[in-house]
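A.B. asks: Based on what follows, work out the 3D shape:
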Amino acid sequence: MFAVCLTLITGLIFGVIPALKVSRDFGGLQAGPRVAGGPKERLHSALVIAEVAASVVLLVLSALFIRALWRLQAIDPGFRSSNVLTLRTPLSMPRYRMTQSRVRFYAEVLSGVRSLPGVSDAAYVSFLPMVFDGGVRPITIDGHTNGAEPQLGSLRYVTPGFFATLGIALRAGRDVSESDTIESPFAAVVSESFVRKFWPTDNPIGRPFTFGASRRMVVGVVRDVRFRGLEKWSEPQVYLPYQQVRDASDLFYAPKDLVLRTGGDPLPFVPAIRRIVARADPQQPIANVQLLSDIVDAQTASRALQVRVLSAFAAMAFVLAAVGIHGVLAYTVSQRIREIGVRIALGARSIDILMMILRQGLSMASAGIGLGVVLAYAIGRTVESLLAGIQPSDVSAFGSALGFAIVMTLAGSCWPVLRAVRVDPLVAIRVE
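C.D. replies: As a prediction, this is how the structure comes out:
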C-alpha cells in the first residue's frame, strides 16, 4: 500500500505540474523561433546528469559486491562439502550420561550407515562446521609463554573416520582410533595453525600439551577448517577421541552430529538412516537433516541477496539514465529543427550534425560519470568492511561500470541523433 500510494503521489506531482504549465501557455501559442539552451533545457540536463551519476554509483557498487561474492565463494573451507549429508541425534540426558552408553549407540549407528550401498564413510562430531562455533579451551605448552592473554583452541570430539568423511587432509601422524580409550594415553589431533603457533620448526607428533584440564599428546595434524564461517577467523582446532571423556563430563560436547559421504545425492539415504537410528534407539529423534553443501552456501546467501537487489536497482537506474539522455536529446532536436535544416541547407555534412547532437549527450554523460565515480569511491570506502578484501578503487569494478555508462549513453543518443541527421531542410524551414 505504501508503494502504491507513493507511486500515485509521484505521478500526480510530476504529471500535474507540466499539465498546469501547458494549460497556462496554451492561449499564447504562436509560430515563432525557438531558442535552445534555456533554463528548461539546463534543468533537464541537470536531472539527466544526476540520473547518470546515480546509475554509475549503483553499477560500481554492484560490481564491487559481485567481486566480493566471487571471492568468498572461491574460499576453500578446508573440507569437501559435496555429497555429504548431516543430521543431529540429540542424545537426551541423563540416558546418555555415561560414555559407554554413547559409544554403543555410535557403534551401532555407524556400522549400519557404513553398510548402506553407496555410503563411502560416516562419523560423528561434536559440532558441524559453520553451524556452531564450538567450545574453546585454554592451551598450555611446556616452555611456551602464553603472554597476557591465554592461548585458546577450538574443541571437538570426533569418531574415527571424521576427517576422511569430510575430506579434511591429514598432514602428519594418524587419525583418532578406537584404541584411544579412557585407559590409554590421552591423544589429540591438531590443526596446522596449532602447529604453526606452537612448534613452527619442530615435529609436532608426540608433543605433549595441556588442553583444558587434561594432559594430551599430539598424534596427528590436519589442515585448518573455517569452522566459524568463510569470513571469520577460527581458533587453532583440537580434535579429541570420542571415548576419552569421563562419565558425566563434557556432555555438551558429546558428539551428536552424524556426517556421511555418498557417491551421489545423499538425500535418498535419509529413510534408511532413520530406520538404523530407530533400531539403535527407538526413542531417539532425528533433527536438522541437511546437506553440508547447503550449510556452506548459506554463508554467502545474504551477500547473494544483496547483489541481486543492488543489481536490480543498477539495471533500473541504467535504463532511466538512458531514457533521460534520449529525452533531453530528442527535446533538443525538436527545438533545433530549423537550425539543423539551415545548417544542412548551407552544406553541413551528416557527420557534423551527428557530432553536434552527440556532443551534448556525451557532455551530460561525462559530467554524470565524473560525479558518479567520485560518489562511488566515497561510498565504497564506507562499506569496505563488507567487500571481503576487494578495494573500493577496484579497477575492474570501475571499468565495467564505465563500459556500461558508455553503452547507456550511446543507446540513449541513438534515435535522436539519427533523427537529426535525417532532417529535410526544406520541410524544417517550411514548418517554421
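
A.B. asks: helices and strands around the helix or strand harbouring Gly370, which ones?
C.D. replies: Using DSSP states H and E, Gly370 falls within helix 350-382. Helix 350-382 sits against helix 39-73, helix 301-335, helix 337-345, helix 395-421, with contacts defined as 3 or more CB pairs under 8 Å, 6 or more residues apart in numbering; DSSP states H and E. Quick note: C-beta positions are derived from backbone N, CA and C, even for glycine.

A.B. asks: could you dump these to TSV with mean neighbour count, mean pLDDT and distance to Pro208?
C.D. replies: As requested, the helices and strands packed on helix 350-382 are exported to TSV (neighbours: other CB atoms under 10 Å; pLDDT from 0 to 100; distance: least, CB to CB, whole Å):
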stretch	mean neighbour count	mean pLDDT	distance to Pro208
helix 39-73	20	87	38
helix 301-335	18	86	43
helix 337-345	19	74	90
helix 395-421	18	85	50
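
A.B. asks: Can you add distance to Ser101 and give these back as TSV?
C.D. replies: What follows is the helices and strands packed on helix 350-382, written out as TSV (distance: least, CB to CB, whole Å):
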stretch	distance to Ser101
helix 39-73	42
helix 301-335	38
helix 337-345	93
helix 395-421	57
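
A.B. asks: And those: which comes nearest Asn203?
C.D. replies: Set against Asn203 and scored by CB to CB, the helices and strands packed on helix 350-382 come closest in helix 39-73, at 34.9 Å.

A.B. asks: Now do the closest one and helix 395-421, the angle between them.
C.D. replies: Calculated by axes from the mean of the first three to the mean of the last three CA atoms, to 10 degrees, helix 39-73 forms an angle of 150 degrees with helix 395-421.

A.B. asks: so what secondary structure elements neighbour helix 39-73?
C.D. replies: Secondary-structure packing of helix 39-73 (3+ CB pairs under 8 Å, 6+ apart): helix 301-335, helix 350-382, helix 395-421.

A.B. asks: And the longest one, what does it pack against?
C.D. replies: So the one you mean is helix 301-335. Judged by 3+ CB pairs under 8 Å, 6+ apart, helix 301-335 is in contact with helix 39-73, helix 350-382, helix 395-421.

A.B. asks: Out of those, which gets nearest to Arg88?
C.D. replies: Comparing the helices and strands packed on helix 301-335 by their distance to Arg88 (CB to CB), the top pick is helix 39-73, with 26.2 Å.

A.B. asks: Distance from the chain centre to the closest one, please.
C.D. replies: How far helix 39-73 lies from its chain's middle: 20 Å, per CA atoms, centre = their mean, to the nearest Å.

A.B. asks: One more: stretch 399-414?
C.D. replies: Distance, stretch centre to chain centre, for stretch 399-414: 27 Å (CA atoms, centre = their mean).

A.B. asks: go on, stretch 118-129?
C.D. replies: Relative to its parent chain, stretch 118-129 has a centroid offset of 27 Å by CA atoms, centre = their mean.

A.B. asks: got it, and stretch 197-212?
C.D. replies: When distances are taken as CA atoms, centre = their mean, stretch 197-212 is centred 36 Å away from the chain's centroid.

A.B. asks: Once you drop chain neighbours, what's closest to Asp317?
C.D. replies: Small correction: residue 317 is Ala, not Asp. Ser55 (3.8 Å; CB to CB, 6 or more residues apart in numbering).
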